[in-house]
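**Q** Got a predicted structure plus its sequence, pasted below:
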Amino acid sequence: MIWKVKVPFKVACFTWLLAKQATLTQDNLMKRGRQFCFRCSFCECEIETINHLFLHCRETVKLWQIFINLRGISWTMPRSIKEALACWNRDGNQSGHRERWKIVPACIWWTIWMERSQRCFENKSCSLQKLKMNCLVLFFFLV
């Protein structure tokens, strides 16, 4: 389901790494012997794991909420990236805009990853409004 979605190749590869739990979040870096601040770059309350950063962080949830509200659905966040992809794609098959619906997770995750990289490596951060705008611009650019 990852490779059939019409997103740039690097975004598809990134989504695949997320599904494989191989993205270098703080917890995965610590497993490899790298010592960094292990707190989430966004909320600074939880350990930065793949599932926390891309699904459950309060900042990420706000991005998900944009698309959930646009669809007018009620959705409970799954525990893992694989579950999220499966649920999102299953629910998207019931809509008239399947292809658009399927790119939403990749848009959210790529936006979060780009912002996280800026926060970690460039010591820059943008506001929540700017983060939302970046995600929406990416979504409409890919559609």
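**A** Right, received. Where do you want to start?

**Q** So for C87, what's the nearest residue that isn't a sequence neighbour?
**A** Sequence neighbours aside, P78 is the residue nearest to C87 in space, at 5.5 Å (criterion: CB to CB, 6 or more residues apart in numbering). For every residue, glycine as well, the C-beta is placed using N, CA and C.

**Q** For that neighbour, give its distance to N89.
**A** 12 Å (CB to CB, to the nearest Å).

**Q** which of the residues in the longest helix seen in the chain are buried?
**A** Counting residues, the longest helix found in the chain (DSSP state H) is helix 104-121. In terms of neighbour count (16 or more other CB atoms under 10 Å), helix 104-121 has its buried residues at 104-116.

**Q** ranges for the helices of this structure?
**A** Counting by DSSP H, the helices of the chain are 9-19, 26-31, 50-51, 58-71, 81-92, 98-102, 104-121, 128-142.

**Q** Can you tell me which of the ones you listed has the worst average pLDDT?
**A** Mean pLDDT is lowest for helix 26-31 among the helices of the chain, at a mean of 66.
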